[in-house]
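[1] Fold the following, please.
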Amino acid sequence: MLEWIKKHGSVVITVVVTICLLIWLYGCEPKVRSLNDSERRVTRQELQLELNQLIGLAELRMLDLDRQERLRAIILQNALILVQGQPFNPVGLITAVAAVYGVSQAGGNVSKVVKVAREKRKVKNGTA
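    Prediction:
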């Protein structure tokens, strides 16, 4: 046996190194620093989950900004109507209040739907 190993030493070393390299390549996934915590290293799938979370958070904040801008536009339009000297219109005021209420309810519902979808995605991916 010892003579066979001496005779085929380069082949044995090549096979052992190749097996070790294959085990290392298969078992050790590449990792990068996390988007949330720079001390932690994550794999590609974990990085994608963090990116989806950040995108969802940005979408929620954009919806909130849109709702605030619509409310501001409604208030400015009603203020311009009053300043122009037209008589006070109670029906217009009721319509404006209903519009503000509807916009706030729609924004809240969209936020809830996005949060529920994100939670379902976390549970589905097993990160909850």
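[2] hey, let's count contacts and neighbours off CA atoms from now on
    Noted.
[3] where in the chain is pLDDT low?
    85-88, 127-128 (pLDDT under 70).
[4] Please look at Leu71 and Gly102 and confirm they touch.
    No. Counting by CA atoms under 8 Å, Leu71 stays clear of Gly102, with 10.4 Å between them.
[5] So between those two, which is more surrounded?
    Legend: neighbour count by other CA atoms under 10 Å for Leu71 and Gly102, higher for Leu71 (18 against 12).
[6] got the contact list for that one?
    Residues in contact with Leu71, defined by CA atoms under 8 Å, 6 or more residues apart in numbering, are 100, 103.
[7] can you rerun that using 10 Å?
    Leu71 sits next to 65, 96-97, 99-101, 103-104 when contact means CA atoms under 10 Å, 6 or more residues apart in numbering.
[8] In JSON lines, list the residues you listed along with neighbour count.
    As requested, the contacts of Leu71 are arranged in JSON lines below (neighbours: other CA atoms under 10 Å):
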{"residue": "Leu65", "neighbour count": "13"}
{"residue": "Ala96", "neighbour count": "17"}
{"residue": "Val97", "neighbour count": "15"}
{"residue": "Ala99", "neighbour count": "15"}
{"residue": "Val100", "neighbour count": "19"}
{"residue": "Tyr101", "neighbour count": "13"}
{"residue": "Val103", "neighbour count": "17"}
{"residue": "Ser104", "neighbour count": "17"}
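[9] got these as JSON lines, with distance to Lys7 and secondary structure columns?
    Compiled in JSON lines, the contacts of Leu71 are given as follows (distance: CA to CA, whole Å; DSSP: H, G, I helix; E, B strand; the rest coil):
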{"residue": "Leu65", "distance to Lys7": "76", "secondary structure": "helix"}
{"residue": "Ala96", "distance to Lys7": "93", "secondary structure": "helix"}
{"residue": "Val97", "distance to Lys7": "92", "secondary structure": "helix"}
{"residue": "Ala99", "distance to Lys7": "89", "secondary structure": "helix"}
{"residue": "Val100", "distance to Lys7": "87", "secondary structure": "helix"}
{"residue": "Tyr101", "distance to Lys7": "87", "secondary structure": "helix"}
{"residue": "Val103", "distance to Lys7": "83", "secondary structure": "helix"}
{"residue": "Ser104", "distance to Lys7": "82", "secondary structure": "helix"}
